[in-house]
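1. here are the coordinates; sequence isn't available:
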């Protein structure tokens with residue numbers, strides 16, 4: 001994380017992770033739990049709590065001494081690989097000179113830079129991540145992970161991970177994913193043909209696809225998403241939906257820097273829970289992203305990441321159960337359950353009525369409708385590309401952990417990644433599979449299917465709110481509804497059941513497929529009406545000058561504290577300090 005304190009070292013992470021897992025893997029705790037289960041009243045809160053403890057301990061207890069030894073080996077290899085990855089110098093040779101950039105910076109240039117040579121160089125820079133990790137321990141890590149899982153009786157490591165997190169195995173998972181893959185393959189194939197016809201055959205090159213689809217629109221949108229205002233816009237949006245954080249404390253480390261972990265994430269040193277005396281323990285959240293306010297397009301992606309991670313934080317701060325283990329992010333908490341909350345809330349950034357109010361330039365001008373319309377025209381016919389890019393990750397990891405040890409080499413893994421990209425996405429991906437950071441760490445490996453299941457839930461949940469209320473952005477019923485249905489139970493209820501309880505329908509991909517199949521003309525009509533209605537509301541109602549999220553917020557940049565609501569006196573005062581810091585530190589864009 002590029003922090004100076006030794007408590008944030010790889011060695012310290014390995015040590016504390018080992019201690020936590022040793023606590024959860026203590027067999028005497030499982031024996032005691034089962035003993036107590038025989039003494040409590042059926043259907044009581046005590047029984048629910050003890051059953052959750054039984055599930056949690058069951059995820060970590062390894063009866064095999066061989067499995068325990070292999071688990072220790074994986075933790076050590078992961079730590080070494082992650083430390084090496086964090087010190088990898090990434091970048092691209094541009095105009096004859098090497099320019100150092102993070103993986104986020106490289107991806108951003110692939111999306112928005114108008115020079116094809118620059119985009120290609122940045123894509124090649126991303127591709128070097130695969131070379132690096134396969135030569136620095138990833139091959140051995142895959143082997144040891146599989147040995148551990150098989151020693152415990154699972155098919156492979158993927159089966160082990162999904163069984164612990166979701167409560168059903170790999171085979172059941174891919175029955176669900178296969179339905180989505182098969183249902184959207186014809187849409188993807190048709191979209192690629194249409195894209196090449198419209199933009200030229202070279203538009204399908206991995207360094208061209210994202211830019212040809214929306215690079216110009218991204219540049220035009222950029223002035224209306226100043227990253228300096230992102231914290232304020234997030235707070236205003238969540239407050240308008242009656243989302244609060246129940247006394248939580250949150251550190252926001254938003255800006256990119258050298259050596260920082262290459263993905264946004266949220267962790268909870270202190271989970272929220274209800275103590276035995278009935279008092280509520282608020283959560284403590286550490287939240288990071290990789291924004292570069294000087295880069296074109298970073299405002300939009302940075303704000304989307306902020307809405308995403310703040311959605312995680314809102315979810316975990318509102319869990320109201322009698323043990324902190326109901327509100328921790330590791331197994332048996334469902335990946336899909338956790339990601340549904342954040343992805344539902346970050347989806348608002350793409351809605352025209354949300355942009356009508358919150359996509360405001362530094363001069364106070366709202367984003368014009370014609371830019372939003374052009375974005376819809378240029379991206380909606382090709383939204384399937386994002387879906388296929390999402391499902392490519394679990395299909396790659398499934399195939400990876402099904403390889404025999406003899407077949408696992410650096411070259412075979414890279415060849416497999418290329419093969420899956422071509423099969424699932426129709427060609428090489430703008431984001432090479434081996435550059436996806438999730439595949440490295442234990443917590444995030446064999447995890448990406450959660451985003452797919454969650455996105456299915458996002459579309460289904462959005463359809464529920466539109467049908468019930470007619471809108472989502474600034475809807476004051478959103479916070480109370482999702483807090484009651486999704487957040488309060490924590491991991492006490494299965495993900496599939498929670499979605500069905502709220503929406504009234506079993507989880508399927510149909511709502512997502514229906515959205516993909518909606519015509520551009522119909523979508524433009526809907527979005528224009530929503531945009532005009534929101535602009536009229538903004539004209540008649542002044543901005544709220546008192547934003548209360550019921551939370552202490554510290555905005556930090558590594559070791560430096562930039563702003564703190566406790567010291568600054570209010571949320572908006574803290575936002576103002578952050579805005580001034582960003583404006584001072586980063587030069588104005590052209």
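-> Looks like it arrived, so ask away. Source: prediction; values computed, not measured. Residues are numbered from 1 along each chain as shown.

2. which helix is the longest one in this protein?
-> In the chain, taking DSSP state H as the definition, the longest helix is helix 170-199.

3. pLDDT below threshold where in the protein?
-> Along the chain, the model assigns pLDDT under 70 to residues 1-8, 215, 261-263, 587-590.

4. what about the strands in it?
-> 91-94, 97-100, 248-255, 265-270, 273-274, 280-281, 284-291, 551-557, 560-564 (DSSP state E).

5. residue 68: which of these is closest?
-> strand 265-270 (24.9 Å; C-beta to C-beta). In this view, the C-beta of every residue, glycine as well, is placed from N, C-alpha and C.

6. packing partners for the closest one?
-> With contacts taken as 3 or more C-beta pairs under 8 Å, 6 or more residues apart in numbering; DSSP states H and E, strand 265-270 sits against strand 284-291, helix 298-317.

7. reformat these as a markdown table; add distance to residue 81 and mean neighbour count.
-> Shown next, in a markdown table, are these (distance: least, C-beta to C-beta, whole Å; neighbours: other C-beta atoms under 10 Å):
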| stretch | distance to residue 81 | mean neighbour count |
| --- | --- | --- |
| strand 284-291 | 20 | 22 |
| helix 298-317 | 24 | 25 |
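
8. among the ones you listed, which is nearest residue 57?
-> helix 298-317 (20.9 Å).

9. roughly how far out does that closest one sit from the chain middle?
-> 9 Å (C-alpha atoms, centre = their mean, to the nearest Å).

10. start to end distance for stretch 234-254?
-> Length of stretch 234-254, first residue to last, C-alpha to C-alpha, to the nearest Å: 13 Å.

11. just give me how far that stretch sits from the chain centre.
-> 17 Å.

12. in it, which residues are buried?
-> By neighbour count with 16 or more other C-beta atoms under 10 Å, stretch 234-254 contains the buried residues 234-241, 243-246, 248-254.

13. wait, which of the helices and strands packed on strand 265-270 is closest to residue 443?
-> helix 298-317 (13.4 Å).

14. and the angle from the closest one to strand 284-291?
-> The directions of helix 298-317 and strand 284-291 differ by 160 degrees, with axes from the mean of the first three to the mean of the last three C-alpha atoms, to 10 degrees as the criterion.

15. wait, what's in contact with the nearest residue to residue 61 once chain neighbours are set aside?
-> Nearest non-adjacent residue to residue 61, counting by C-beta to C-beta, 6 or more residues apart in numbering: residue 25, 5.0 Å away. Contacts of residue 25 were listed using C-beta atoms under 8 Å, 6 or more residues apart in numbering, and they are 57, 60-62, 68.

16. now residue 357
-> 366, 473-474, 534, 537-538.

17. and with 10 Å instead?
-> Residue 357 sits next to 233, 236-237, 240, 366-367, 473-474, 531, 534-535, 537-538, 541, 543 when contact means C-beta atoms under 10 Å, 6 or more residues apart in numbering.

18. hang on, the earlier thing: packing partners of the longest helix of the chain?
-> Applying 3 or more C-beta pairs under 10 Å, 6 or more residues apart in numbering; DSSP states H and E, we find helix 170-199 packed against helix 157-166, helix 209-221, helix 384-401, helix 410-425, helix 449-469, helix 510-517.

19. residue 491 is nearest to which of those?
-> helix 157-166 (9.7 Å).

20. tell me the helices and strands packed up against that closest one.
-> Under the contact definition 3+ C-beta pairs under 10 Å, 6+ apart, helix 157-166 sits against helix 45-60, helix 138-151, helix 170-199, helix 335-346, helix 384-401, helix 449-469, helix 495-503.

21. which one of those lies closest to residue 258?
-> When the helices and strands packed on helix 157-166 are compared by C-beta to C-beta, helix 138-151 sits nearest residue 258, at 22.5 Å.

22. buried set for the closest one?
-> Using 16+ other C-beta under 10 Å as the burial criterion, the residues of helix 138-151 that qualify are 138-139, 141-151.

23. and the residues you listed as TSV, adding distance to residue 372?
-> Below are those laid out as TSV (distance: C-beta to C-beta, whole Å):
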residue	distance to residue 372
138	42
139	46
141	44
142	44
143	49
144	49
145	45
146	47
147	52
148	49
149	47
150	51
151	54
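
24. returning to what we had before: next, the angle from the longest helix of the chain to helix 384-401.
-> Using the same axes, to 10 degrees, the direction of helix 170-199 lies 140 degrees away from that of helix 384-401.

25. looking at the helices and strands packed on helix 170-199, which one is packed in the most?
-> helix 157-166 (a mean of 24; mean count of other C-beta atoms under 10 Å).

26. next one: that helix to chain centre, how far?
-> Distance, stretch centre to chain centre, for helix 157-166: 19 Å (C-alpha atoms, centre = their mean).

27. again, but for stretch 393-401
-> The chain centroid and the centroid of stretch 393-401 are separated by 19 Å under C-alpha atoms, centre = their mean.

28. same thing with stretch 575-587?
-> Centre-to-centre, stretch 575-587 and its host chain are 26 Å apart (C-alpha atoms, centre = their mean).

29. how about that stretch, which residues are buried there?
-> So, applying 16+ other C-beta under 10 Å, buried residues of stretch 575-587: 575-579, 581-582, 586.

30. would you list these in CSV and tack on distance to residue 287?
-> Output for the buried residues of stretch 575-587, formatted as CSV (distance: C-beta to C-beta, whole Å):
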residue, distance to residue 287
575, 15
576, 20
577, 18
578, 14
579, 18
581, 17
582, 17
586, 21
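
31. and which of these is nearest to residue 433?
-> For these, the residue nearest residue 433 by C-beta to C-beta is residue 586; the value is 31.9 Å.

32. measure the closest one to residue 50 for me?
-> Distance, residue 586 to residue 50, using C-beta to C-beta, to the nearest Å: 52 Å.

33. quick revisit: buried ones in the longest helix of the chain, by neighbour count?
-> By neighbour count on 16+ other C-beta under 10 Å, the buried set for helix 170-199 is 170, 173-174, 176-177, 180-181, 184, 187-188, 191-192, 195, 199.

34. swap in stretch 44-58?
-> In stretch 44-58, the ones that count as buried by 16+ other C-beta under 10 Å are 48-50, 52-57.

35. tally of neighbours for residue 327?
-> Other residues lying near residue 327 total 26 when counted by other C-beta atoms under 10 Å.

36. for it, give its distance to residue 272.
-> Distance from residue 327 to residue 272, by C-beta to C-beta: 5 Å.

37. list residues touching both of those two?
-> In contact with both residue 327 and residue 272: 281, 283, 315-321, 487, 490, using C-beta under 10 Å, 6+ apart.

38. for residue 336, state which of those is nearest.
-> Taking C-beta to C-beta as the measure, residue 336 lies nearest residue 315 of the shared contacts of residue 327 and residue 272, at 12.7 Å.

39. perfect, that will be all.
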